[in-house]
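> What would the 3D arrangement of this be:
(one chain, ligands or ions: 1)
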Amino acid sequence: PANGQTRDGKGRKVIILGAGLAGLTTAYELGKLGYDCTILEARSRSGGRVWTVRGGTKETELTGTDQTCQFGNGLYFNGGAARIPHHHQITLQYCRELGVPLELFNGSNESAYLYNEGGAGELANRRMRISDYHMDMRGYTSELLAKALDQSTLDQQLTKEDVEKLVDFLKNEGDLNTGHLYKGTNRRGYKTKRDPGAGNTPGNLTDPYGLTDLLRSGFMQPVFYNNGDYAYEQQSTLLQPVGGMDAIPRALESKLPGKIIFNAPVTELRKTETGVRVVYTKDGKPVEIKGEFCVCTLPLPMLKNLESDLSGTVKRAADFVPYMKTGKIGLQFKRRFWEEDDSIYGGISRTNMDINQIWYPSFGLQGKKGVLIGYYNFYSRAEAVGNMPIAEREKMALTQGAKIHPQYPAEFENSFSLAWHRIPYSGGGWANYDDATRKKYYPSLLEPDGNIYFAGEHTTYLTAWMAGAFTSALRTVESIHARVGEYT
Ligand code: PHE
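Model (predicted):
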């Protein structure tokens, strides 16, 4: 990278705080330019919020509830970063460069379910296939629009031929009959156990739900919007590394032999005449290390508690930039009933209950056992669930999830849950700026404070994505190298 600079960084010592994606990438890129990097990492592993939970994974949240994951061989879920948009080329490029094999992540599955708890009417408190909801709403809204057009109410804007074309579009869009009415569609598929088959079994199509029932179902709430269709970051195609997201930090780590000091939480960060001085704890004792530059990738909730002589504006950013409260639970089941009974392969069910979503794995298809993400929630829901003892979280996930999948109680084996805002050395899911906090605090993180630089998703407009960590690392490397180039 580095602005076409040719001077190398040989002999220049850089101390990097944090072996998450931003810290690892900074060390990797600075290393290419000849800098001498040391990464201080508080945990015994790299990756930070890029974390795959498998059998044997241990974590102790801030209140001291410790868990050891009991998942069987080959079963896992990504506790943090879990999907890569196809347009996050910086992430995809690093996967290419590092030789991390990718596979498809199915983020949007029309066969997954919607479930609205506590609503009124025919369709409340029962699961509905996303495709049924989509197809029926497309049908009815197309029918209504086709009717309006047939009555030539729009003939001032459109020619007769235009109207005909638009009505043709609507007939296809909603699968309307020749009379331009929506009477159901084979796009909804067949009644359970009434699929087309051999001999005398042509299959029995499902009937549409009533428009009034749909409108009263509660499914118009934002929580049910299929982000897979709407949000830019969640549109098909999404990807994931084969074997778990931690393949990415592990690949970076393998490029940095001897450069990472693990179990080394930083306690002090100081500016000196010639650079920086950092104190960390190793085996219970304070150790001091000096360098010319520091790249601090600590999440802001961690920076908040660090003894430092950082400037007031940076300290205020650490104090006041809000971080997302968010949690997940992995549920191991002895049978992949969502595949066997419901034909669901990957994708997400959505509900207004505290579990918010159920994620079906996009790997290990047709295997014996499987791990679902039984909840993925945010804000106050994540806070409430995070506050529960581990056993209560599990109970909540099972009780609510069973409303969508009655197979839960019979098939459940074990779980592992996490609340990012309670996890040491992270303290939250990601920086959650609104316009005001972005304006007020963000700029101070973009400039070096003396010889201390900041990197991490919180220093980007790609917050909550690995692409943010990567791009922040490149930006920091370029600016350090440009500065070195200026005064050598
Ligand atoms: N990148 C995270 C995810 O995919 C957080 C996120 C959620 C970001 C929803 C944007 C929208 O879950």
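> three-state assignment of W338?
Secondary structure, DSSP: H, G, I helix; E, B strand; the rest coil: W338 is helix.
> Which residue is the nearest non-sequential neighbour of it?
I344 (4.3 Å; C-beta to C-beta, 6 or more residues apart in numbering). Using the backbone N, CA and C atoms, a C-beta is placed for each residue, glycine as well.
> What of C296?
L17 (4.6 Å).
> Report how many residues lie close to the one you found.
If you count neighbours by other C-beta atoms under 10 Å, L17 ends up with 32.
> now the one 4 residues further on
The number of residues packed near L21 is 31, by other C-beta under 10 Å.
> Would you check that it makes contact with Y28?
No. The criterion here is C-beta atoms under 8 Å, and L21 misses it with Y28 at 10.1 Å.
> so what sits against both of the two?
Residues touching both L21 and Y28 by C-beta atoms under 8 Å, 6 or more residues apart in numbering: L252.
> residue contacts, A19?
By C-beta under 8 Å, 6+ apart, the contact set of A19 is I39, E41, R43, S46, G47, G48, P249, E253, I260, F262.
> Buried only: go through these for me.
Among the contacts of A19, those buried by neighbour count (16 or more other C-beta atoms under 10 Å) are I39, E41, R43, S46, G47, G48, P249, E253, I260.
> Quick one: the residues you listed as a markdown table, columns for secondary structure and distance to V314 too.
What follows is the buried ones among the contacts of A19, written out as a markdown table (DSSP: H, G, I helix; E, B strand; the rest coil; distance: C-beta to C-beta, whole Å):
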| residue | secondary structure | distance to V314 |
| --- | --- | --- |
| I39 | strand | 21 |
| E41 | coil | 21 |
| R43 | coil | 24 |
| S46 | coil | 25 |
| G47 | strand | 25 |
| G48 | coil | 20 |
| P249 | helix | 26 |
| E253 | helix | 28 |
| I260 | strand | 25 |
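> and the ligand, which of these contact it?
Among those, no residue is within reach of the ligand (C-beta under 6 Å from any ligand atom).
> can you count the residues close to Y115?
Around Y115 there are 25 other residues, counting by other C-beta under 10 Å.
> so how far is the ligand from it?
From Y115 across to the ligand, the span is 20 Å (C-beta to the nearest ligand atom, to the nearest Å).
> Confirm that I348 sits in a strand.
Yes. Assigned with three-state DSSP, I348 falls within a strand.
> Can you tell me which residue of the stretch 51-200 of the chain sits closest to the ligand?
Minimum separation of the stretch 51-200 of the chain from the ligand (C-beta to the nearest ligand atom) falls at R83, amounting to 5.1 Å.
> State the phi and psi torsions of that residue.
Dihedral pair for R83: phi -150, psi 140, per degrees, to the nearest 10.
> residues near it, how many?
R83: 19 surrounding residues under other C-beta under 10 Å.
> For it, which residues are in contact?
By C-beta under 8 Å, 6+ apart, the neighbours of R83 are F105, G107, Q234, L238, L239, Q240.
> Show me how the protein divides into domains.
2-48+247-322+432-487, 52-111+236-245+324-422, 128-220 (automatic domain parsing).
> can you put those in CSV and add mean pLDDT and distance to E117?
Below are these laid out as CSV (pLDDT from 0 to 100; distance: least, C-beta to C-beta, whole Å):
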stretch, mean pLDDT, distance to E117
domain 2-48+247-322+432-487, 95, 26
domain 52-111+236-245+324-422, 97, 5
domain 128-220, 91, 9
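> can I get the contacts of R83 in CSV with secondary structure, distance to R194 and neighbour count?
Shown next, in CSV, are these (DSSP: H, G, I helix; E, B strand; the rest coil; distance: C-beta to C-beta, whole Å; neighbours: other C-beta atoms under 10 Å):
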residue, secondary structure, distance to R194, neighbour count
F105, strand, 31, 23
G107, coil, 29, 26
Q234, helix, 33, 16
L238, strand, 32, 21
L239, strand, 36, 19
Q240, strand, 35, 22
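> Among those, find me the one that's closest to Q67.
Q67 has its nearest neighbour among the contacts of R83 in Q240, at 23.4 Å by C-beta to C-beta.
> So that closest one versus the ligand, what's the distance?
Q240 sits 11 Å away from the ligand, going by C-beta to the nearest ligand atom.
> With R381 instead?
Note on R381: its distance to the ligand, by C-beta to the nearest ligand atom, is 14 Å.
> again with L306
Applying C-beta to the nearest ligand atom, the value for L306 to the ligand is 25 Å.
> List the residues that contact that residue.
Counted by C-beta under 8 Å, 6+ apart, L306 has contacts V266, T267, E268, L269, L298.
> ok, and the most crowded of those residues?
The residue in the contacts of L306 with the most neighbours, by other C-beta under 10 Å, is L298 (29 neighbours).
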